[in-house]
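Chemist: Fold the following, please.
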Amino acid sequence: MRPILFASFLVNCAATAVAAQTCEIPAAYTNQVVVEDGDLRVRYATDRSSYNPSDNVQFYLVVENVGATTFSINWGIDPQDGHFILRAPFESLEDCCATDADIEANVLYYLPSILFFFSAGTTLAPGQCRVWQRTIDLEWATNPAPGTYAVLGGMLHVAPSGVPGLSYEK
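Modeler: So this is what the prediction gives:
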C-alpha cells in the first residue's frame, strides 16, 4: 500500500472538500508546512500560529499529484481528510496515542468524529490536487489550556476502533 503523509507543525493555543482552482495555499493561511513523498505533495496550513481558547482554527489541506501517473486512493470512507490537535510535547499520533487513556489525555481535538462508509475515493491526474477546508471551534475542545500544541492533518486512514485516523501511514 502506498504510504500517505500527515503534515504537522506547532500551534500555540492561549468542510467539505472543494474542487481546486489552484494547488497553492491562500495567503490568509500564514502557518504552513509542505511534505513530499514520491509523487505526492501535501500542504497543510492554519490561518494563524496563535489562538485563544474561544477562537476558531481554520485549516487548509492540499493533496497534490506531482508525478507523471494517476494517483488513486479509496478506503471506502468519507470524509477522507483528518485533523488533530495534540498536547505538547507530542508531534505524532504514534507518540501520543497508544491507549484510550493516552487519547483522552493528549488529543485536544480531532476531526472527523463521524465516518461514512460510502466514499468514491480520490483520484488525481498528474498536476491535479484536492483541497479540504475545515474550521474547528476550540470552545468545543477538551480542556483548552494555554500552551503549545502540535497540529496534524492529512488524508485519513481509519482505525477499526478508537479515534479515527490513528492507523494512518506516513
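
Chemist: alpha carbons only for contacts and neighbour counts from here, please
Modeler: Noted.

Chemist: Skip the chain neighbours and tell me the closest residue to the residue positioned nearest the centre of the chain.
Modeler: With distances taken as CA atoms, centre = their mean, G153 lies nearest the centre of the chain, 1.7 Å away. Once flanking residues are discounted, G153 sits nearest to H83: 4.4 Å by CA to CA, 6 or more residues apart in numbering.

Chemist: Quickly note the distance from the one you found to T46.
Modeler: H83 sits 11 Å away from T46, going by CA to CA, to the nearest Å.

Chemist: Neighbour count: those two, which is higher?
Modeler: H83 (27 against 24; other CA atoms under 10 Å).

Chemist: Isn't the more buried one up against S113?
Modeler: No: assessed by CA atoms under 8 Å, H83 is found out of contact with S113, at 10.1 Å.

Chemist: I'd like the distance between the residue nearest to the centre of the chain and Y109.
Modeler: Distance from G153 to Y109, by CA to CA: 12 Å.

Chemist: now S50
Modeler: 16 Å.

Chemist: Between these two, point out the one with more neighbours.
Modeler: Legend: neighbour count by other CA under 10 Å for S50 and Y109, higher for Y109 (23 against 18).

Chemist: Phi first, then psi, for the more buried one.
Modeler: phi -160, psi 150 (degrees, to the nearest 10).

Chemist: Then the one 4 residues further on?
Modeler: For S113, the backbone dihedrals (degrees, to the nearest 10) come out as phi -100, psi -10.

Chemist: give me the number of residues near it?
Modeler: S113: 11 neighbours (other CA under 10 Å).

Chemist: Tell me the pLDDT of it.
Modeler: Predicted confidence (pLDDT) for S113: 72.

Chemist: Would you mind measuring from G38 to T69?
Modeler: With CA to CA as the criterion, G38 and T69 are 11 Å apart.

Chemist: Good, we can wrap up now.
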